[in-house]
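**Q** Dropping a prediction and its sequence here:
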Amino acid sequence: MNRQEFEDTARRYREEMFRMYASQSMDPPPKPQPKPAPPPEPPRPALPPAKPDLPPQEIAPVLPHVREPIPAPPRPEPVPQNDPALSDNTVADNAPRPSEYEGDTGSIHVHVMTAQGTRPVVGATVTVTRNVGGDVQLISLQTTDLSGNVAPVTVPAPPPSADQRDPEAYHYDISVQAAGYYREHSTDVPVFPHITSMQTFEMIPLPAGTDDPFPGGDITYYNGMQKY
């Protein structure tokens with residue numbers, strides 16, 4: 001392409017561009033279209049009538065907490081000793097209490113076992129009596145505990161003897177009875193002043209299938225003091 005052709009091509013390009021701009025400027029600009037109207041809002045429900053203003057409530061003042069004094073618990077009433085209603089180990093009502101004895105006293109401790117002394121007998125009835133001029137006095141009536149023991153029984157005793165080769169003593173009888181065993185007695189148990197007399201009973205079981213609670217009679221042990 002020579003220079004003349006290049007200038008002719010450039011002239012035709014400029015003319016063509018002028019015609020395009022001229023045609024666009026002659027057309028009127030488009031008119032703006034109006035916006036569509038929004039849809040109508042649905043009717044709102046009617047509100048309830050307003051309540052009348054209420055007077056403000058009075059608020060009670062908060063007072064500081066005052067601790068009331070706690071009343072002291074009532075004192076328990078003293079429990080009388082040897083009360084049959086409160087203890088299994090009871091003393092007979094017609095027997096004198098240890099505090100009522102005048103003069104010297106001794107005590108009797110009873111232990112009830114079986115199986116050659118390897119097992120205690122629980123719930124056995126232990127009776128202590130004394131024969132005074134043919135009158136039998138009931139001194140104590142108790143039941144054994146889980147160890148086969150009863151509470152020591154305080155009984156009257158004579159004054160200490162001057163001659164210890166033949167000391168004075170009061171004698172008591174002890175009976176032990178338990179279900180399933182022979183009934184046993186220990187007679188003339190000596191009690192000396194200020195001394196505890198230990199008495200151990202080894203209960204013998206009844207034969208199997210025996211209906212009689214005391215077949216063949218009771219078992220009695222006799223006590224006697226050796227004299228020098």
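**A** Yes, it's here.
**Q** For the closest residue to Tyr181 other than its chain neighbours, name its beta-bridge partners.
**A** Excluding the flanking residues, the one nearest Tyr181 by Cβ to Cβ, 6 or more residues apart in numbering is Met203, at 4.0 Å. Heads up, the C-betas are built off the backbone N, CA and C, glycines and all. Under DSSP bridges, the beta-bridge partners of Met203 are Thr114.
**Q** I'd like to know how far Met203 sits from Asp163.
**A** Met203 sits at a distance of 38 Å from Asp163 (criterion: Cβ to Cβ, to the nearest Å).
**Q** The residue nearest to Tyr181 contacts Thr114, doesn't it?
**A** Yes. Using Cβ atoms under 8 Å, Met203 is in contact with Thr114, at 4.5 Å.
**Q** Regarding Asp166, what is its secondary structure?
**A** At Asp166 the chain is in coil, as set by DSSP: H, G, I helix; E, B strand; the rest coil.
**Q** Count the neighbours of it for me.
**A** Using other Cβ atoms under 10 Å, the number of residues around Asp166 comes to 11.
**Q** Kindly list the main-chain dihedrals of it?
**A** phi -140, psi 70 (degrees, to the nearest 10).
**Q** rewinding a little: higher neighbour count, Met203 and Asp163?
**A** Using other Cβ under 10 Å as the criterion, Met203 and Asp163 rank with Met203 on top: 23 against 8.
**Q** Could I get the full set of strands for the protein?
**A** Along the chain, the segments classed as strands by DSSP state E run 105-114, 119-120, 125-132, 135-143, 153-156, 170-177, 184-191, 196-203, 219-222.
**Q** wait, which of those strands is closest to Pro45?
**A** Distance to Pro45, taken as Cβ to Cβ, is lowest for strand 135-143 among those, at 88.9 Å.
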